[in-house]
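Novice: Return atomic coordinates for the entry below.
(4 chains)
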Number of protein chains: 2
Amino acid sequence: MTPQIPKPGNPVRGSKTGKPIMALFDLLGRSWALGVVWKLSRSSMTFRQIQESCEKVSPTVLNRRLKELTSSGLVERGASGYRLTATGIELFELLKPFGIWSTKWAEGLPKDDRNETVTRP
Amino acid sequence: MTPQIPKPGNPVRGSKTGKPIMALFDLLGRSWALGVVWKLSRSSMTFRQIQESCEKVSPTVLNRRLKELTSSGLVERGASGYRLTATGIELFELLKPFGIWSTKWAEGLPKDDRNETVTRP
DNA sequence: TATATCGCTACTCAAACAGTAGCAAGGAGA
DNA sequence: TCTCCTTGCTACTGTTTGAGTAGCGATATA
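Specialist: Predicted coordinates for the structure are as follows:
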């Protein structure tokens, strides 16, 4: 009933052992979690600004992600809205290389416009 | 009806613009996607080996993740099971620092054993 | 007082995930 | 050939998560 916020040491969706890396993957492996960290890295933003910048993510989900990220010490609320904490910035620094890499990855992919399913006999 | 496999250029869950970074975040922001890449980085594994190593992830989900990751060029099937492609290994190299960082992050977190909700007046 | 914005909550409906059972294909051994 | 085992799934059911929309209370501004 209570929403599960993944934390190392706690068994969560994706990890019964609570290993830090699995708790982190669980936290980030939810819709818009990575996106929010990415967007907040540029500047602090209000709730509605994040919503717009993240293609109208529903307030329900955004609110949940923000609570999770706050409770995990990655995001905090300042006077000018939500922003990354020092820890959050650290995480973003690790995340930063994904930006450039993703464009290389995009170029290397076959440019079909539909998602092909793996064909089976 | 057809399962959505996030690819840059395609509007997907989490990104109508199809920007590479958002497509990547969408791909990785699904349960066990990051975990599978992490586990496969050590060695190639069979379907059931991955399942066991990932705490009995349901075959339904594992199968979907493997198809998505395969179709995205990060994973392939060899004689000895599933393994990362060259691209997948590149991605893992970016992911590797998260391992150490997550343990630091875990130490810094308050050691409460329950997920507290943000209190509101 | 009206009005506008902000951070949400409440709802409904669809998609994703968990959990379990079991099947078809392939190989090893008798 | 006939078991017996492993592997890679598919099928099914029930729960959780997410999308999408409406709107409320609080605060600020005119």
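Novice: A:Thr103 - nearest residue in space that isn't next to it in sequence?
Specialist: If you skip the residues right next to it in sequence, A:Thr103 has B:Pro20 as its closest partner in space, 4.9 Å away by CB to CB, 6 or more residues apart in numbering or on different chains. In short, each C-beta sits where N, CA and C put it, glycine included.
Novice: Contact partners for the one you found?
Specialist: A:102-103, A:105-106, B:8 (CB atoms under 8 Å, 6 or more residues apart in numbering or on different chains).
Novice: just the strands in chain A please.
Specialist: With DSSP state E applied, chain A shows strands at A:75-78, A:81-84, listed in chain order.
Novice: Can you confirm whether stretch A:72-87 lies near DNA strand C?
Specialist: Yes. Stretch A:72-87 is in contact with DNA strand C by CB under 7 Å from any atom of the strand, via A:77, A:81.
Novice: and that stretch with DNA strand D, contact?
Specialist: No. Residues of stretch A:72-87 contacting DNA strand D under CB under 7 Å from any atom of the strand: none, with a closest distance of 10.7 Å.
Novice: I'd like the C-alpha coordinates of that stretch written as PDB, please.
Specialist: This file holds the C-alpha atoms of stretch A:72-87, laid out as PDB (Å, rounded to 0.1, in the frame of the first residue of the first chain):
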ATOM      1  CA  SER A  72      17.100   9.200  -1.600                       C
ATOM      2  CA  GLY A  73      19.100  12.400  -1.100                       C
ATOM      3  CA  LEU A  74      19.400  13.300  -4.800                       C
ATOM      4  CA  VAL A  75      16.900  16.100  -5.000                       C
ATOM      5  CA  GLU A  76      15.900  18.900  -2.600                       C
ATOM      6  CA  ARG A  77      13.500  21.800  -2.500                       C
ATOM      7  CA  GLY A  78      15.000  25.300  -2.500                       C
ATOM      8  CA  ALA A  79      13.400  28.700  -2.700                       C
ATOM      9  CA  SER A  80      13.400  28.500  -6.500                       C
ATOM     10  CA  GLY A  81      12.000  25.100  -6.800                       C
ATOM     11  CA  TYR A  82      13.400  21.600  -7.000                       C
ATOM     12  CA  ARG A  83      17.100  21.100  -7.600                       C
ATOM     13  CA  LEU A  84      19.800  18.500  -7.400                       C
ATOM     14  CA  THR A  85      21.700  18.100  -4.100                       C
ATOM     15  CA  ALA A  86      25.400  17.700  -4.000                       C
ATOM     16  CA  THR A  87      24.900  14.000  -4.200                       C
END
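Novice: List the buried residues in that stretch.
Specialist: A:72-75, A:82-85, A:87 (16 or more other CB atoms under 10 Å in any protein chain shown).
Novice: Go through these and name the one nearest DNA strand D.
Specialist: A:Ser72 (14.5 Å; CB to the nearest atom of the strand).
Novice: neighbours around the closest residue to the closest one other than its chain neighbours, how many?
Specialist: Counting by CB to CB, 6+ apart, the nearest residue to A:Ser72 once its immediate chain neighbours are dropped is A:Leu27, at 5.8 Å. Residues within reach of A:Leu27, counting by other CB atoms under 10 Å in any protein chain shown, total 25.
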